[in-house]
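Participant: Mind looking at a prediction? Sequence and model below.
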Amino acid sequence: MDNNEEKILQDTPLTEEDTSIEAADRGPEPAADTAGPETEEPSAVEGPEDSNAAAEPETEEPSAAEEPEEENSAAEAGSEPEAENSAAEVEPEPEEPAAAGHEPEDAAPVDGPAEKAEETVSAPAGETGSAGRSFSGMLDDADSAASAGPAEDAPGQEDGEQNKPRKKHRIWIPILLILLLIGAAAGGYMYGVFYFRDRFIYNTKINGVVCGRLTPAETAERIGFRMEKYQMEITFRDNQKQTIKAAQIDYKFAPGDSIEKLLTKQDPYKWPLGIFQPVEYNVEEKTEYNHERATKLIEGFDQMKEENMVKPENAYMVLKDEGFSIVPEVEGNAVNTKPVTAAILAALDEDAASVNVEEIEGAYKEPSIRADNKELNEETDKLNGYIGADITYIVPEGDEEMRLNAKTLQTWLSVDEDGHYYKDEEVWADHIWNYVDQIAINVNTVADTRSFPATGIGTISVGGGDYGYSVNKSAERELLAQQLEDCETVTREPEYFTREYGPGNDGLSDSYIEVDISRQHVWIYRDGSCVLDTDCVTGMLSGTRATPTGIYQILYKATDVDLKGQQLADGKYSYVSHVNYWMPFYNSCGFHDASWRSNFGGSIYINNGSHGCVNLPSWVAADFYSCVEEGMPVIIYYS
């Protein structure tokens, strides 16, 4: 290096990097003035001596490419005031905080060469050039100096000047950390391989139970813990319930070697995959329990004890007022203990949660005849067919209603020694006969004594005759038997021979014919009013020709009739009389015109009366005929 180049380098301000590199090139210097094991780095205000020492180290010759820049730098450093101003404008690097004991960077600078050196060192590399030296070249020099051995920091150097040589060492710190992590990971992995040789890897489930990091024994215990909560609910008839709990019968999990076999399928070298890939297994959950204790527990249930059982009853037919009906069977709750016990034990073998005893075949003692029994229903229907009719009779006013239905008909049935009902045809017919007789007794009013207001006399009582209700028993029995056979429901009148003309007036109604033999007079009443009256001639009192007294009714009406007397031996009649109007009321007695008579009323009837008829004047007969109706009551009496 010639003198000019050395001059330029000496005049050029040094950057932080340059200072650090020069310090490294010098190697260790004696630092007798350092105090204690830890020396503090001198601040920028510690004096000119340290500043000069930092500026004196030799530098390598810059390359030719760098010389112009160094010359410019030397020119810029020609005047001391300008260098001071430049150093004053440079701020400290934010990454390099001041070491402990340094003065703040904004402290007042000390005059002299030391101040200029400190300002030069503090300037950023971007703002101060290096005299013909590249940064990479200087860094190489620093590495060479570091390889020669550690050099203590020169007095007066900044923190940044001390730390810069160690940046290369910091490159190895991440590498060492990575190597340590790899080693730790490898160690952890191998530990996991060893650890999971007899344990299930992470995220392993067996039968839904999390078993990661558990041994087979621990896994069996955990699955078995669920078994300890096992219980079976047993439902008997009528919703009666019993419960068997695991503790009562020593119920527990018995996996055998099934879990150990699962562990053999596991590859411990793949244990890290378990963190991300859950694995699920299923094994048969075999259980075991104390069979003897379970049997005694079941047999001790209240429902299994004879004294608590209700025995079944068969369905049967019962007779009520409305007819025959079926009383359903009684199921009871009598248990057949053997099949029930066996079924419950079998359910325990299957780990069943519940048992419905009703579903066990042969669990209960059953009735032999149920309500749906075919024969029972057919018999019930047949008997109800006998008594199924319902006949209501319309009876005269004031009489009680007559109704023939199941309530009465069931009493007409016969009963055998076993209590079974059946229909005996002969007995049945007798009941019909008697019932119709009873209808006649209740309904018939023929010949009853009745009260009525006699004309001109007042209320009198008249009995006898054939007027009133009269049941035709023969016709009624025939009709009734058929309706019973057909199970008819009907409301009707009995079959009558005769019936009353209408209600009111003690059954005589307000329309009737009144005949007073004593007064030899006839009155016709219609709706309570007399519409016609006339004298008459009744039967002669002697012999059998007298007109009968009592209450009768017009049997029919006819015109142009020959009335004949008793037929004689020669075939002729004792008399033959032609009449224009004929209205009979009893046998051969009736009302008719008597053209052969000119006088009526008085006492003619006593010695010259009719053969029993009521003779009417010819001039009245036509009107009389028109006022009379069939069935109209005829009241004949002596006053």
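Facilitator: Perfect, thanks for sending it.

Participant: Okay, and residue 275 sits in which element?
Facilitator: Using DSSP states H and E, residue 275 sits in helix 273-276.

Participant: The next helix or strand after that helix packs against which elements?
Facilitator: Using DSSP H and E, the helix or strand that follows helix 273-276 towards the C-terminus is strand 279-281. With contacts taken as 3 or more C-beta pairs under 8 Å, 6 or more residues apart in numbering; DSSP states H and E, strand 279-281 sits against strand 204-206. Just so you know, the C-beta spots here come from the backbone N, C-alpha and C atoms, and that holds for glycine as well.

Participant: Within the sheet, what are the partner strands of the strand it packs on, with directions?
Facilitator: Counting by DSSP bridges, the strands paired with strand 204-206 are strand 209-210 (antiparallel), strand 279-281 (parallel).

Participant: Pull out the buried residues from it.
Facilitator: 204, 206 (16 or more other C-beta atoms under 10 Å).

Participant: Show me which residues of the helix holding residue 275 are buried.
Facilitator: Counting neighbours by 16+ other C-beta under 10 Å, one finds that the buried residues in helix 273-276 are residue 274.

Participant: what does stretch 324-337 give?
Facilitator: By neighbour count on 16+ other C-beta under 10 Å, the buried set for stretch 324-337 is 324, 326, 329, 331-335, 337.

Participant: Mind checking which of these are in strands?
Facilitator: Under the assignment DSSP state E, those contribute 324, 326 to strands.

Participant: any idea of the pLDDT on the most centrally placed residue in the chain?
Facilitator: When C-alpha atoms, centre = their mean is applied to the chain, the residue found nearest the centroid is residue 239 (18.0 Å). Per-residue confidence (pLDDT) for residue 239: 93.

Participant: Tell me how far it lies from residue 357.
Facilitator: Distance of residue 239 to residue 357, given as C-beta to C-beta, to the nearest Å: 11 Å.

Participant: Likewise for residue 210?
Facilitator: 38 Å.

Participant: Which one's more surrounded, the two?
Facilitator: residue 357 (21 against 15; other C-beta atoms under 10 Å).

Participant: contacting residues for the more buried one?
Facilitator: Applying C-beta atoms under 8 Å, 6 or more residues apart in numbering, one finds that residue 357 lies in contact with 234-237, 303, 335, 340, 343, 363-364.

Participant: Check the gap between it and residue 341 for me.
Facilitator: Distance of residue 357 to residue 341, given as C-beta to C-beta: 11 Å.

Participant: same thing with residue 252?
Facilitator: Counting by C-beta to C-beta, the gap from residue 252 to residue 341 is 21 Å.

Participant: which non-adjacent residue is nearest residue 577?
Facilitator: Take residue 577 and drop its neighbours on the chain: the residue closest to it by C-beta to C-beta, 6 or more residues apart in numbering is residue 563, 4.6 Å away.

Participant: What separation do you get for the one you found and residue 580?
Facilitator: For residue 563, the distance to residue 580 - C-beta to C-beta - is 11 Å.

Participant: List the residues that are in contact with both of those two.
Facilitator: By C-beta under 8 Å, 6+ apart, the residues touching both residue 563 and residue 580 are residue 592.

Participant: which of those two has more neighbours?
Facilitator: The residue with more neighbours, out of residue 563 and residue 580, is residue 563; 18 against 15, by other C-beta under 10 Å.

Participant: dump the residue contacts of the more buried one.
Facilitator: Contacts for residue 563 (C-beta under 8 Å, 6+ apart) come out as 575-579, 582, 588, 592, 613.

Participant: From the residues you listed, list just the buried residues.
Facilitator: Using 16+ other C-beta under 10 Å, the buried ones in the contacts of residue 563 are 577, 579, 582, 592, 613.

Participant: Give me the pLDDT for the first one.
Facilitator: It stands for residue 577. At residue 577, the predicted lDDT confidence score is 92.

Participant: where's it, which helix or strand?
Facilitator: Short version, using DSSP H and E: residue 577 is in strand 576-586.

Participant: If you count contacts, what does that strand end up packed against?
Facilitator: Partner elements for strand 576-586 (3+ C-beta pairs under 8 Å, 6+ apart): strand 550-553, strand 558-564, strand 589-593, helix 618-627.
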